[in-house]
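Colleague: Just need the structure, nothing else, for what follows:
(chains A and B)
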Amino acid sequence: MFKLRDRSIIALRNGKLGCCTAHSVIPIVESIIETQFRQTSLNLHNREEESSKFHFLQRLNPKFYISALVNCRNLTQVRQVHAQASVHGMLENIVVANKLIYFYSYYRALDDAYGLFDGMCVRDSVSWSVMVGGFAKVGDYINCFGTFRELIRCGARPDNYTLPFVIRACRDLKNLQMGRLIHHIVYKFGLDLDHFVCAALVDMYVKCREIEDARFLFDKMQERDLVTWTVMIGGYAECGKANESLVLFEKMREEGVVPDKVAMVTVVFACAKLGAMHKARIIDDYIQRKKFQLDVILGTAMIDMYAKCGCVESAREIFDRMEEKNVISWSAMIAAYGYHGQGRKALDLFRMMLSSGMLPDKITLASLLYACSHAGLVEEGLRFFSSMWEDYSVRTDVKHYTCVVDLLGRAGRLDEAFKLIKSMTIEKDEGLWGAFLGACRTHKDVVLAEKAATSLLELQSQNPGHYVLLSNIYANAGRWEDVAKIRDLMSQRRLKKTPGWTWIEVDNKSHQFSVGDTTHPRSKEIYEMLKSLSNKLELVGYVPDTNFVLHDVDEELKIGILYTHSEKLAIAFGLIATPEHTSIRIIKNLRVCGDCHTFCKLVSEIAGRVIIVRDANRFHHFKEGACSCGDYW
DNA sequence: ATAGGGTTAG
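Modeller: Numbering: from 1, shown residues only, chains lettered A, B, ... in the order given. Here you go, the predicted structure:
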């Protein structure tokens, strides 16, 4: 047992622990408790008598307990200090009680913390803050909100220490309504929107996908720190405004904020979303210049960036340069080969992965199946699918089924795909039915499409793409009444067809086109180019395929609509605005239409250009009249 | 007495 020496006793009496090292405090407390325990058990009902010998203990300064708590190394020690404080009536000291609540929640003993909190006669704003924060830290949002509500109900004033906790709870739960309420409370109580509250609100709005609200607050912050910049940049990328992400990144650097690795990962992620190749190169240069270490996460993000910007080779270079790879890095690279239609390379890489001793997970296998599906490697895909559990201990989930339905569907084996769906014991989702419906469209099978559609619409799909697909199938079969029904259903469910757009980078600037667009400054030249292209294309036997036009309009009009699809406009612009023989890269937000696919093949031939198209699902590399997807997409 | 941001499929 540690022995109390005079010096220590003096220190304790004065509430100063300057002469004690951090680690010597605990034994002192233990010793005090020990002695005190002996004393109280001898003389439980005679508190007057106990005082003479241990008088100094009762007059202990609260600072002693606070220091003792700070030096606690586990929950048991906190409980001991609590017991000691209780004996001396120290719990009535609000600072001691608050500290105890804080340390109980630090050790995740929320029951103890709340017990103490609940028993407090007087609470100050710190008490509320540590209690609300305690619940927030362990992820007990119900009690976090509950305590906060109690705070408001008691007429206490919330403070800037409490609010960030509650706001972060809203963020994690993606509870926008509650988040707004708290934002409102800030104004109602006339609290000042300090840095912490503001940063938390920005983060909350970003995670609830209210990017404009986040931006509004972000712009109002006087001092924007790196983390908040990063949140904002990532938020824009997440909600499809990756362009703005890169603009913000520039702005951040202009303001002299120096990015760290996490910020760079976020920017790389934004660039992957955007698919802008020259930006990818710039960011890569920046990363190399600033000597950011190519760790697993940054490396993997860069693999993804290069692959999604259309350059699998550069992605592979990064992959090979990475010293440490995890299952995510391997999966990203396999997936990249998949959506570039290089199924064989995906398989090779998968084998390499196995021989390097890395175990695949469900995402690796989904990527692999996806690669097989997009390269028409039907048998290989089916083999992997059937042996996932035995070979890799990975359970098949609905995503794997979706890949295989896609695989069979593309190969025209619709009946097998349907049989597979019917045999499933796990829950079917709309992605699965969507894949099947897509296959029915490709192979013009209205009967199976109707079955798929029934299930799909039962799921109350919010994805307009599925309705358009179905409408497309009906239109193709000339069933205009059914087309009208789908249209009604869409408006009932307040869904609008996602407008298609394509964009192209020329001279470091992006140019965006929608169908029939005439807003581009060089519009006149673009349409002239289109006209001359169509004349040349007709000479090589191109016939517009009006099956890809949804509207119930006459043939002439259909051809007109088809001719001005956004991807055609972007390509025409690419041809007039870039040097000959350079490749043209375009990005489309939806799946590329069949007629445009044919168009691209022919243009690649007659104009002698490589055309790289990124659509919603994958890449198409057109060269000398052929496409890397082998018309299999 | 206050914290927070990052990678793969669909």
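
Colleague: Please determine how far A:Glu254 is located from DNA strand B.
Modeller: Between A:Glu254 and DNA strand B the distance is 17 Å, computed by C-beta to the nearest atom of the strand, to the nearest Å. Where C-beta positions appear, they are placed from N, C-alpha and C, glycine not excepted.

Colleague: domains in chain A, as residue ranges please.
Modeller: A:6-189, A:417-498, A:501-627 (automatic domain parsing).

Colleague: Burial check on A:Val138, number of neighbours?
Modeller: 15 (other C-beta atoms under 10 Å).

Colleague: The domains of chain A into JSON lines, with extra columns for mean pLDDT?
Modeller: JSON lines is the format used below for the domains of chain A (pLDDT from 0 to 100):
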{"stretch": "domain A:6-189", "mean pLDDT": "78"}
{"stretch": "domain A:417-498", "mean pLDDT": "87"}
{"stretch": "domain A:501-627", "mean pLDDT": "86"}
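
Colleague: dump the residue contacts of the residue nearest the centre of chain A.
Modeller: For chain A, the residue nearest the mean C-alpha position is A:Glu238 (6.5 Å; C-alpha atoms, centre = their mean). By C-beta atoms under 8 Å, 6 or more residues apart in numbering, A:Glu238 lies in contact with A:Val206, A:Arg209.

Colleague: Tell me which of the domains of chain A approaches DNA strand B most closely.
Modeller: Nearest to DNA strand B among the domains of chain A is domain A:6-189; the distance by C-beta to the nearest atom of the strand comes to 3.3 Å.

Colleague: hmm, the closest one touching DNA strand B?
Modeller: Yes - for domain A:6-189, a contact with DNA strand B is found by C-beta under 7 Å from any atom of the strand, at A:Tyr102, A:Ser125, A:Val126, A:Ser129, A:Val130, A:Gly133, A:Asp159, A:Asn160, A:Tyr161, A:Pro164, A:Arg168.

Colleague: among those residues, which ones are buried?
Modeller: A:Tyr102, A:Ser125, A:Val126, A:Ser129, A:Val130, A:Gly133, A:Asp159, A:Asn160, A:Tyr161, A:Pro164, A:Arg168 (16 or more other C-beta atoms under 10 Å).

Colleague: Let's have these in CSV, adding secondary structure.
Modeller: Shown next, in CSV, are these (DSSP: H, G, I helix; E, B strand; the rest coil):
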residue, secondary structure
A:Tyr102, helix
A:Ser125, helix
A:Val126, helix
A:Ser129, helix
A:Val130, helix
A:Gly133, helix
A:Asp159, coil
A:Asn160, coil
A:Tyr161, coil
A:Pro164, helix
A:Arg168, helix
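
Colleague: Dump those into JSON lines; add distance to A:Gln84 as well.
Modeller: Shown next, in JSON lines, are these (distance: C-beta to C-beta, whole Å):
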{"residue": "A:Tyr102", "distance to A:Gln84": "17"}
{"residue": "A:Ser125", "distance to A:Gln84": "26"}
{"residue": "A:Val126", "distance to A:Gln84": "21"}
{"residue": "A:Ser129", "distance to A:Gln84": "25"}
{"residue": "A:Val130", "distance to A:Gln84": "20"}
{"residue": "A:Gly133", "distance to A:Gln84": "25"}
{"residue": "A:Asp159", "distance to A:Gln84": "30"}
{"residue": "A:Asn160", "distance to A:Gln84": "33"}
{"residue": "A:Tyr161", "distance to A:Gln84": "27"}
{"residue": "A:Pro164", "distance to A:Gln84": "32"}
{"residue": "A:Arg168", "distance to A:Gln84": "34"}
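
Colleague: was I right about A:Leu590 contacting A:Asn617?
Modeller: No - using C-beta atoms under 8 Å, A:Leu590 makes no contact with A:Asn617, being 9.3 Å away.

Colleague: which residues sit against stretch A:567-580?
Modeller: Taking C-beta under 8 Å, 6+ apart as the rule, stretch A:567-580 contacts A:502-504, A:506-507, A:511, A:513, A:517, A:520, A:522, A:525-527, A:529-530, A:533, A:584, A:586, A:588, A:592-593, A:596, A:599-600, A:603, A:607-609, A:611, A:613.
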